[in-house]
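> I need the structure of the sequence given here:
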Amino acid sequence: MPAFIDVAAANAVHLREWIPWGDDPAYRSERLGGAPADWVEHRAYLYALRPTEDGPVIGGFSLHRRVGPDGLEIGYWLDQAHTGTGLATEVARVLTEVALALPEIERVEIHTDEGNARSAAVPQRLGYRLARVDPFEPRTPTETGRLQVWVTP
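The predicted structure is shown next:
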């Protein structure tokens, strides 16, 4: 897990626009360091993305059980050097398939801030539909306070 936290820290400036823990070392460590307990307690499943089995961590992907008993939410971020390469879409596609193969899961959601067009492009490319836009309290200076909720068709 240290490699995961280290790459997130190295991308703090890149991540802080859209991810509240991106620029906060204590919150980042708590958030990413809690992954083993989240997994065991079935709250969230955090995955480190590596280009090869022993390669460096280049991003993080997660499945969260915070959208109801029949759904999972996908979260994602990439090292700045790897954005715009299609990796986020490909991994989100795989996680969508994995989630929907679980017997209790009927839907998968991806939540994006309305101002984060690059992040919103992922569910759009995967055929998710925009179910609604919810107001929320912005956690970063860049967030608009309008949360897009994308849902599998």
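
> Check which helix or strand G60 maps to.
Assessed by DSSP states H and E, G60 sits inside strand 59-64.

> other SSEs contacting that strand?
Using 3 or more Cβ pairs under 8 Å, 6 or more residues apart in numbering; DSSP states H and E, the elements in contact with strand 59-64 are helix 2-10, strand 44-49, strand 71-78, helix 87-100. The way it works is simple: take the backbone N, C-alpha and C, and place the C-beta from them, glycine included.

> Hey, what's the angle from the first one to strand 59-64? Just curious.
Relative orientation of helix 2-10 and strand 59-64, computed by axes from the mean of the first three to the mean of the last three Cα atoms, to 10 degrees: 110 degrees.

> again, but for the third one
Relative orientation of strand 71-78 with respect to strand 59-64: 170 degrees, computed using the same axes, to 10 degrees.

> Relative to strand 71-78, what are the paired strands and their orientations?
In the sheet, strand 71-78 lines up against strand 59-64 (antiparallel), strand 107-113 (parallel) (DSSP bridges).

> and those strands, which one is worst for confidence?
Least confident of those, judged by mean pLDDT, is strand 59-64 with a mean of 92.

> If we go by neighbour counts, what in stretch 83-98 is buried?
By 16 or more other Cβ atoms under 10 Å, the buried positions in stretch 83-98 come out as T83, L87, A88, T89, V91, A92, R93, L95, T96.

> do the same with stretch 2-22
F4, I5, V7, A8, N11, H14, L15, R16, W18, I19, W21, G22.

> go on, stretch 128-137?
Neighbour-count burial for stretch 128-137, with 16+ other Cβ under 10 Å as criterion, is recorded at Y128.

> Export it to CSV, keeping only CA atoms.
Only the C-alpha atoms of stretch 128-137 are listed here, as CSV (Å, rounded to 0.1, in the frame of the first residue of the first chain):
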residue,chain,number,x,y,z
TYR,A,128,-24.0,4.7,-18.9
ARG,A,129,-27.0,7.1,-18.8
LEU,A,130,-27.1,10.3,-16.8
ALA,A,131,-29.8,9.5,-14.2
ARG,A,132,-29.8,12.8,-12.4
VAL,A,133,-27.7,15.7,-11.2
ASP,A,134,-27.7,16.2,-7.4
PRO,A,135,-26.6,19.3,-5.5
PHE,A,136,-23.7,18.8,-3.1
GLU,A,137,-21.4,20.9,-1.0
